[in-house]
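In: Could you look at this predicted model? Sequence included:
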Amino acid sequence: MDYSPADPMVDHDKQAALVQARKLGAHGIVGIVFTAVGLPMLIAGLVWGGFVMSSLVGSETTQGTVIGRIAHGSDQSIGESSNRTYVITVRYTVDGHDYEYTPSGGQSPAPSVGDTVTVHYRADDPSDAILGGTAGIVEWVGPGVLTLLGVVFGALGVGFWIWRVRTRRRDIAVIETGDRLTAVVEAVRSSVSTDSEGSVRTVWTLVARYDDPMTGRVHRFTHAYSGVPSVTPPEGDRIVVFVDPADREKYVVAVP
């Protein structure tokens, strides 16, 4: 089968190459997924941090006493280090009424039972409190971790997406202005890979060969299919490859 255009008014090879160039590809999909995961994390972290900040601004303060400390995690001490974190419970008094508050997160190092810590509370609802001072760092762990993860995933997602957009523009430019070569299909190979979770994936790759009549050099171009290919040209068939004349490593294979 020959992939050259049957209708001289329609460049089927160019259209096929443009379809390949405009596909999302693995990097585009990863970019979308990472951005979709990172953006909600970033928003949640910032909103959570805003709530913590609003609880501190305009709040009343008093001194509380640590009345409980529960250890979490393993204690594999090496010298003074430990993998344990502690969740503390604080008792404080407002207008003669006693209240108790336990932060949601753990901290290490943590105040000991009997230590005094600063407590911020709402004047209209003293039971609504958070810790201040050094002990109050625990209040920022949750929003800090979410915000950091959001920034990391979001930055990776945007980075992958920008890379894909630039690659797509480059490929389209190669198709529009590059050299048009007619290569010969050398093979359509499959390789099996296993990821860390044991999932088996088969990758199909087309290999095309072009013998440069001017230099005698042999160039090979590959095209990896994202899944099981529905149509593959047989070995020995001709196929069009659009190549950047300045860099033969930049090319687009015109496959259906």
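Out: Great, that's in hand.

In: Would you tell me what helix or strand Y121 is located in?
Out: strand 116-122 (DSSP states H and E).

In: which stretches of this structure have low pLDDT?
Out: Scanning the chain for pLDDT under 70 picks out the ranges 1-10, 74-82, 195.

In: any idea which residue of it is furthest from its center?
Out: G96 (51.4 Å; C-alpha atoms, centre = their mean).

In: what sits against that residue?
Out: If you count contacts by C-beta atoms under 8 Å, 6 or more residues apart in numbering, G96 has none. (Glycine included, C-beta is placed from N, CA and C.)

In: Next one: it relative to A129, how far apart?
Out: 16 Å (C-beta to C-beta, to the nearest Å).

In: can you give me the angle the longest helix seen in the chain makes with strand 116-122?
Out: Secondary structure of the chain read by DSSP state H shows that its longest helix is helix 138-177. Going by axes from the mean of the first three to the mean of the last three C-alpha atoms, to 10 degrees, helix 138-177 is angled at 70 degrees with respect to strand 116-122.

In: Determine the set of other helices and strands touching helix 138-177.
Out: Helix 138-177 is packed against helix 12-22, helix 25-56, strand 125-131, strand 238-244, strand 247-253, with contacts defined by 3 or more C-beta pairs under 8 Å, 6 or more residues apart in numbering; DSSP states H and E.

In: Domain parsing of the chain, as residue ranges.
Out: Residue ranges for the domains of the chain, per automatic domain parsing: 59-134, 178-256.

In: which one of the ones you listed lies closest to A155?
Out: Distance to A155, taken as C-beta to C-beta, is lowest for domain 178-256 among the domains of the chain, at 23.6 Å.

In: what's the closest of the domains of the chain to K14?
Out: Closest to K14 of these, according to C-beta to C-beta: domain 178-256, at 7.1 Å.
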